[in-house]
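# here you go, sequence then predicted model.
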Amino acid sequence: MPLPSKLWIVSTALSIIAVCAAGSTGCSSAPQRESAIGEAYAGPATLKLRKEIDPKSPVVAQIHHGVKLEITAQRRRWYKVRAKNGAEGWTDDRELLDTAQMDRLRALAKETAGLPSQGSATTFDTLNIHTEPNRVSASFLQVKEGEKFDVIAHRVNERTPLPKRELVAPKPKPEKMAKGKKTKSSVPPPPAPAAPPLPTDWVALSKERARIPEDDLPPAAKDDWTLIRTSDGQSGWVLTSRVYMSIPDEVAQYAEGHRITSYFSVGNVTDGEVKKDIWLWTTAVGLGEDHDFDGYRVFTWSLKHHRYETAFIQRRERGFFPTLAKRGEFSVCLEDDGGVRVRKEFTMLGNAVRLTGQKLCEKTFDPGEVTDDEAHIELHQPAAPNAGFFASMRAKVKGLFSK
């Protein structure tokens, strides 16, 4: 059998190279990339992608919070995702954020940037910051032990599952094929079986069962949440029970078992070579209340006794954030017996506290009206059309303290 000529071999090789260069899949051993069926964002601070659909499966990649991911496959509550750098693996549904959630989280950090702090706080252990005031929401950031952050707002939520999301668009239903006309059968259908007899106690079974009164139902479990702002400007929700206000111990010792919810320096006193702050704080009896504080108190430094003493105290109130304070004056938002929220304004005259005026409260957080699908901020009082909460609050603070 004659051997092929060199010309034939060269021409054949060039043809194969040309076909491969044109994009023929038969010339490459690399697997095809799966097409995307949806998109999501990494929820936790570090999202671990696993090799298989198993929480104990080996970790094949780690993705930082907020990275956009392509969804390439779904198996019930598990999703196979792919990052821009090619990292790919499986993760649980709860570890992902949809576009709306990511937009809300970004907006929250931006809009809370100008809100007044209710005091600096810390934690005695690693604290998870959640995207939503919900235990099963993604924790996108952690506060380390002893790290400081600002308290912004407070909210109490029932423990409920997160609302369902559609990370992957539902598949279109297949069109039903037109059925042809059935030909009549010459064989008649069999007769219907006889009805079963009634049970002997059918009368008792027909009686309506007594419903359990709502008053007898156990109360729904609730969690107390605090909206915080970190030193680098990120905002999110943490469990209030893990938050400790950083007011000095020489003042905090007078809390009498109540929880300090906010604190402010409204002046100072010079005692020899030492300067001592005049402190305002708000307190609450416990967690889970539908208001932010139930009492407020002013402490001044006694030059005679060289210790902190009470200059003003008010208890059994229903107070709401924000409390506003600056040197020599402060104001608190309180709800009267008729349910109207009034801001009372006080001025420091030496060590004395005097009420100087009151007016309707501006807008604030309303945990009872906000839903998970809506913005976190709602209004307590009527506002101008299209006036956002944060813009109005910033204007209010500027107007109050620009005297």
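Arrived safely.
# could I get the buried residue list for stretch 146-162?
Phe149, Asp150, Val151, Ile152, Ala153, His154, Arg155, Val156, Asn157, Leu162 (16 or more other Cβ atoms under 10 Å). Where you see a C-beta, it was placed from the backbone N, CA and C, and this is true even at glycine.
# surely the fifth one is in contact with Lys363?
The one in question is Ala153. No - at 11.6 Å, Ala153 and Lys363 do not qualify as touching, with contact defined as Cβ atoms under 8 Å.
# could you pull out the buried residues of stretch 213-228?
Quick answer for stretch 213-228 (16+ other Cβ under 10 Å): Asp223, Asp224, Trp225, Thr226, Leu227, Ile228.
# with secondary structure, distance to Asp98 and pLDDT added, can I get these in TSV?
Listed next are those as TSV, based on DSSP: H, G, I helix; E, B strand; the rest coil; distance: Cβ to Cβ, whole Å; pLDDT from 0 to 100:
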residue	secondary structure	distance to Asp98	pLDDT
Asp223	strand	23	94
Asp224	strand	26	95
Trp225	strand	21	96
Thr226	strand	25	96
Leu227	strand	21	95
Ile228	strand	23	95
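# can these go into CSV with extra columns for distance to Lys171?
Shown next, in CSV, are these (distance: Cβ to Cβ, whole Å):
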residue, distance to Lys171
Asp223, 36
Asp224, 41
Trp225, 37
Thr226, 42
Leu227, 39
Ile228, 41
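# low pLDDT regions in this protein?
Applying pLDDT under 70 to the chain flags the ranges 1-31, 177-183, 212, 214-217, 364-403.
# spatially central residue for it, please.
Glu132 (1.4 Å; Cα atoms, centre = their mean).
# what backbone torsions are found at it?
Backbone torsions for Glu132, taken as degrees, to the nearest 10, come to phi -130, psi 160.
# please enumerate residues in contact with stretch 340-360?
Outside stretch 340-360, the residues within contact range by Cβ atoms under 8 Å, 6 or more residues apart in numbering are 266-267, 278, 298, 300, 311-312, 320, 328-336, 361-362, 364, 380-381.
# also stretch 269-277?
With Cβ under 8 Å, 6+ apart as the criterion, stretch 269-277 contacts Ser265, Gly267, Asn268, Ile278, Thr300, Trp301, Leu303, His306, Tyr308.
# do the same with stretch 47-58
59-65, 67, 75, 78, 81, 87-92, 95.
# report the two of the buried residues of stretch 213-228 separated the most.
Largest separation among these by Cβ to Cβ: Asp223 and Ile228, giving 15.0 Å.
# could I get the contacting residues of Arg327?
With contact set as Cβ under 8 Å, 6+ apart, Arg327 has these partners: Ser265, Val266, Gly267.
# now do the same contact list for Leu162.
By Cβ under 8 Å, 6+ apart, the neighbours of Leu162 are Arg94, Glu132, Asn134, Val136, Ser137, Asp372.
# do that again at 10 Å, thanks
For Leu162, the residues meeting the contact criterion (Cβ atoms under 10 Å, 6 or more residues apart in numbering) are Asp93, Arg94, Gln101, Thr131, Glu132, Asn134, Arg135, Val136, Ser137, Ala138, Asp372.
# and which of these is nearest to Pro170?
Closest to Pro170, out of all of the contacts of Leu162 and judged by Cβ to Cβ, is Asp93, at 15.2 Å.
# tell me the spacing between the nearest residue to the closest one once chain neighbours are set aside and Ile247.
Computed as Cβ to Cβ, 6 or more residues apart in numbering, the closest residue to Asp93 that is not its neighbour in sequence is Arg77, at 4.3 Å. To Ile247, Arg77 is 44 Å away according to Cβ to Cβ, to the nearest Å.
# domain ranges for the chain?
As given by automatic domain parsing, the domain ranges for the chain are 34-97, 98-158+220-246+376-403, 248-361.
# which residues sit against stretch 202-221?
Arg135, Glu158, Arg159, Thr160, Leu198, Pro199, Gly288.
# again, 7 Å this time
Glu158, Arg159, Pro199 (Cβ atoms under 7 Å, 6 or more residues apart in numbering).
# how long is it end to end?
End-to-end distance for stretch 202-221: 39 Å, by Cα to Cα, to the nearest Å.
# now do stretch 210-221
25 Å.
# isn't Glu39 up against Thr72?
No - if you go by Cβ atoms under 7 Å, Glu39 and Thr72 don't touch, sitting 10.5 Å apart.
# helices of the stretch 1-150 of the chain, start to end?
Remark: helices assigned in the stretch 1-150 of the chain by DSSP state H, counting those that start in this stretch are 6-21, 99-112.
# which residues of the stretch 301-403 of the chain fall in helices?
389-400.
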